[in-house]
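>>> Build me a structure from this.
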Amino acid sequence: MTASLNQPSGNTILNDIKQLTKFGLSISVVFSSVAGYLLGADIINYKILALLSVGGYLMVGASNAFNQVIEITQDAVMQRTKTRPLPAGRMSKRTALIIAFVFTLLGLAILYSINPKTAFFGALSIFLYTSVYTPLKLLTPLSVFVGAIPGAIPFMLGWVAATNHFGIEAGILFAIQFLWQFPHFWAIGWLLDADYKKAGFKMLPMGKKDKKLAIQIILYTFVMILVSVYPVLGLTGHLKLSVVAAVITVLPGVLMLYYGFKLLSIQTSLMARKLMLSSVFYITMIQIIFVIDKFLR
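Modelled structure (predicted):
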């Protein structure tokens, strides 16, 4: 009886796999891909939608698993991550690597079955995240710029899955999510600055929380809003946005700007947290607004 109690339960193993692959984050990425697909598809093919969802989850989960294998030493010293399966000793590196490779191969195969371009961008995302962004975090704040590239792929990946084409439409979707990540991750970097520095990560552009950082957050947020409403001009091919939808899209952007200016004047973790939460609200809402607007037009 004692021996059996020491064995990890199925529920514990499942929870560890969910932590290893960052289940919540992976689901949010799948949401972005699905939104991109719905924007690009003339006729919704539910088989492709299911393949995109599963393949996308596997690819993101693989990236997160590789990342945690590489950063096991850093995760062990950070309060936020020390209870993850690898630093806590509940899972071996070998097991994590097996999961990561299996997820990668299955994810690539599934995305390739949609079309080769979708698989290519999925593979590019894993490569940049694990082989470039992850090691750069210990070397330079420019890692955030590199990390924003794979982070921006999901929204446009859905469009490519639907159309088998990368053009101005997919480029705009990529640009929106690319620009969004700077205020989002700098807000997180502000909140977790002490933890990141303990691990040796260089996540803030000038290495400290100050007004200059808040100004950069405001500038990136402003440009992000402009790019998000750009489709209303009718210059982005098949990606269109009505005037009403464009106005509604600006509103969550104004909320982000508000908290950006609040952070500029009141440089506290509370304001950084509110900015971070408003950024999550923004990226979720514009994807919903874009999709609803397409089907109402």
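>>> Quick one: the helices in the stretch 101-250 of the chain, in order.
Using DSSP state H, counting those that start in this stretch, the helices of the stretch 101-250 of the chain run over 116-127, 134-136, 143-163, 168-191, 193-199, 211-229, 243-265.
>>> Please identify the buried residues of stretch 221-228?
Residues of stretch 221-228 classed as buried under the neighbour-count rule (16 or more other CB atoms under 10 Å) are 221-222, 224-225, 227-228. For glycine as for every other residue, the C-beta is placed from the backbone atoms N, C-alpha and C.
>>> what's the offset of that stretch from the middle of its chain?
Remark: stretch 221-228 is offset 18 Å from the chain centroid, using CA atoms, centre = their mean, to the nearest Å.
>>> cool, and stretch 33-46?
For stretch 33-46, the distance between its averaged C-alpha position and the chain's averaged C-alpha position is 19 Å (CA atoms, centre = their mean).
>>> Ok, stretch 13-30 next?
Between the mean C-alpha point of stretch 13-30 and the mean C-alpha point of its chain there is a distance of 13 Å (CA atoms, centre = their mean).
>>> cool, stretch 172-179 as well?
Stretch 172-179 has its average C-alpha position 11 Å from the chain's average C-alpha position, going by CA atoms, centre = their mean.
>>> mean confidence for it?
What stretch 172-179 shows for mean pLDDT is 97.
>>> What of stretch 95-108?
Across stretch 95-108, the average pLDDT comes to 96.
>>> which helix of the chain spans the most residues?
Secondary structure of the chain per DSSP state H: the longest helix is helix 269-296.
>>> coming back round to it: for Thr81, find the nearest of the helices of the stretch 101-250 of the chain.
helix 193-199 (8.1 Å; CB to CB).
>>> State the mean pLDDT of the closest one.
Across helix 193-199, the average pLDDT comes to 92.
>>> Name the residues that touch it?
Residues external to helix 193-199 that are found in contact with it (CB atoms under 8 Å, 6 or more residues apart in numbering): 71, 74-75, 77-80, 189, 202-204, 208-209.
>>> When you filter those residues down to buried only, what's left?
Among the contacts of helix 193-199, those that count as buried by neighbour count (16+ other CB under 10 Å) are 71, 74-75, 78, 189, 202-204, 209.
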